[in-house]
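J.: Build me a model from this:
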Amino acid sequence: MTGSGATRFLLDGFPHKLEQLAEFQEQIKPCDGVLVFTVPEEVAVERLVARGAASGRAEDSEETIRARMEVFGEEAQPVIEALLEAGANVCQVDASGGADEV
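T.: Residues are numbered from 1 along each chain as shown. All right, here's what the predicted structure looks like:
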């Protein structure tokens with residue numbers, strides 16, 4: 001990316017801890033924009049369980065999904081709050097609709 005001249009890029013699912021955010025902003029650049037896709041927990045669980053059934057992914061059991069969502073909430077919310085406090089443009093997107101709607 002260094003040689004491409006690009007000044008913006010998109011990361012999926014990162015940073016998800018405050019320590020990662022601090023390191024990223026120190027070593028790469030300050031984060032100036034964030035998309036946060038929100039969906040009710042039950043909708044997310046339903047979608048991920050269906051994905052697991054279709055793909056055979058063991059990590060998509062309902063129990064595992066709920067545990068991952070709990071950890072995500074504990075780790076991601078402080079990152080989002082820190083970005084808001086730093087003046088980053090945090091855009092929350094309602095992802096509860098279908099793929100064509102989102």
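
J.: Work out for me the element the residue sitting nearest the centre point of the chain sits within.
T.: Geometric centre of the chain, nearest residue: residue 13, 4.0 Å, by Cα atoms, centre = their mean. Residue 13 is part of no helix or strand, with elements assigned from DSSP states H and E.

J.: how about the strands of this protein, start to end?
T.: Counting by DSSP state E, the chain has strands at residues 33-38, 89-94.

J.: Would you reformat these as TSV and include distance to residue 23, mean pLDDT and mean neighbour count?
T.: In this view, the C-beta of every residue, glycine as well, is placed from N, C-alpha and C. Putting the strands of the chain into TSV (distance: least, Cβ to Cβ, whole Å; pLDDT from 0 to 100; neighbours: other Cβ atoms under 10 Å) gives the following:
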stretch	distance to residue 23	mean pLDDT	mean neighbour count
strand 33-38	16	92	12
strand 89-94	20	94	12
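
J.: mind putting these in CSV, distance to residue 73 included?
T.: Formatted as CSV, these follow (distance: least, Cβ to Cβ, whole Å):
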stretch, distance to residue 73
strand 33-38, 11
strand 89-94, 14
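
J.: Which phi and psi values does residue 5 adopt?
T.: Main-chain dihedrals, residue 5, degrees, to the nearest 10: phi 80, psi 0.

J.: What pLDDT does the model give residue 44?
T.: With respect to pLDDT, residue 44 scores 91.

J.: Quantify the burial of it by counting its neighbouring residues.
T.: 19 (other Cβ atoms under 10 Å).

J.: related to what we said a few turns ago, any idea how far the residue nearest to the centre of the chain lies from residue 3?
T.: 26 Å (Cβ to Cβ, to the nearest Å).

J.: before we move on, what about residue 82?
T.: For residue 82, the distance to residue 3 equals 31 Å [Cβ to Cβ].

J.: ok, and for the helix or strand bottoming out on mean pLDDT in the chain, which residues are buried?
T.: Using mean pLDDT, DSSP states H and E, helix 41-55 stands out as the lowest-scoring helix or strand of the chain, at a mean of 88. Under the neighbour-count criterion of 16 or more other Cβ atoms under 10 Å, helix 41-55 has 44, 45, 48, 52 buried.
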